[in-house]
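Student: Please find the sequence and the predicted model below.
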Amino acid sequence: MKTISKDTPLAEITLRKYEQPNNLIQRELIKKICLGLGLLQPGDSRDVIVDVLLVLINSKEALSSEKINDFVIELRKKENLPLKGIAGSNIRRQLKRLKDLFLIENVKNEYRISENEPLIRIFEEKIEKFYIKSILDRIKDYLKAVK
């Protein structure tokens with residue numbers, strides 16, 4: 001049998017463009033951010049990552065994953081949303097995804113928006129100038145290597 005190698009990317013990001021954010025309630029706005037950054041797939045009913053990010057945006061302090069889980073459950077009940085994806089392990093997985101995209105950070109086992117900065121600044125400084133730039137630079141390296 002022939003072994004097929006797997007190409008594992010060092011970094012990847014999905015970006016989507018949606019209409020202007022006019023007259024959206026906060027949860028819908030956060031949902032569009034998650035969709036736009038590839039954290040949520042279009043049509044996906046399992047959107048607990050929206051609530052995780054929403055809880056962190058609205059929190060004035062860093063929160064443990066257990067506290068985030070409690071707030072997510074409370075929020076989903078209040079919004080009359082199905083309690084899908086609320087297991088502690090899934091909340092921690094969503095926190096890791098947000099952390100991997102530099103939107104949040106972990107300080108002493110508690111999570112908060114990175115450096116308590118506005119999301120636009122985090123996007124510009126960490127995602128646009130660093131993450132996306134490094135991906136584009138590597139693609140250019142491959143393009144230059146083609147003779």
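Tutor: Arrived safely, thanks for sending. Just so you know, these numbers come straight off a predicted model, no measurement behind them. Residues are numbered from 1 along each chain as shown.
Student: Who's the closest spatial neighbour of the residue nearest to the spatial centre of the chain, skipping the chain neighbours?
Tutor: By CA atoms, centre = their mean, the chain has its centre lying nearest to Leu98, at 3.7 Å. Leaving aside its sequence neighbours, Leu98 sits nearest to Ile104 (CB to CB, 6 or more residues apart in numbering; 4.5 Å). Where C-beta positions appear, they are placed from N, C-alpha and C, glycine not excepted.
Student: Looks like that neighbour contacts Tyr111 (just checking).
Tutor: Yes. Counting by CB atoms under 8 Å, Tyr111 is a contact partner of Ile104 at 5.3 Å.
Student: got the domain boundaries for this structure?
Tutor: 26-114, 117-147 (automatic domain parsing).
Student: tally of neighbours for Glu61?
Tutor: 8 (other CB atoms under 10 Å).
Student: In contact with it, which residues?
Tutor: Arg112 (CB atoms under 8 Å, 6 or more residues apart in numbering).
Student: any idea how far Asn116 is from the residue nearest to Leu98?
Tutor: 11 Å (CB to CB, to the nearest Å).
Student: And for Ile30?
Tutor: 17 Å.
Student: just Ala145 next, same as before
Tutor: Counting by CB to CB, the gap from Ala145 to Asn116 is 42 Å.
Student: Phe102 reaches Ile122, doesn't it?
Tutor: Yes. Shown here, Phe102 and Ile122 form a contact pair, counting by CB under 8 Å, at 6.3 Å.
Student: what number of residues lie near Arg46?
Tutor: 13.
Student: Tell me where the chain is predicted with low confidence.
Tutor: For the chain, applying pLDDT under 70 flags the ranges 1-5.
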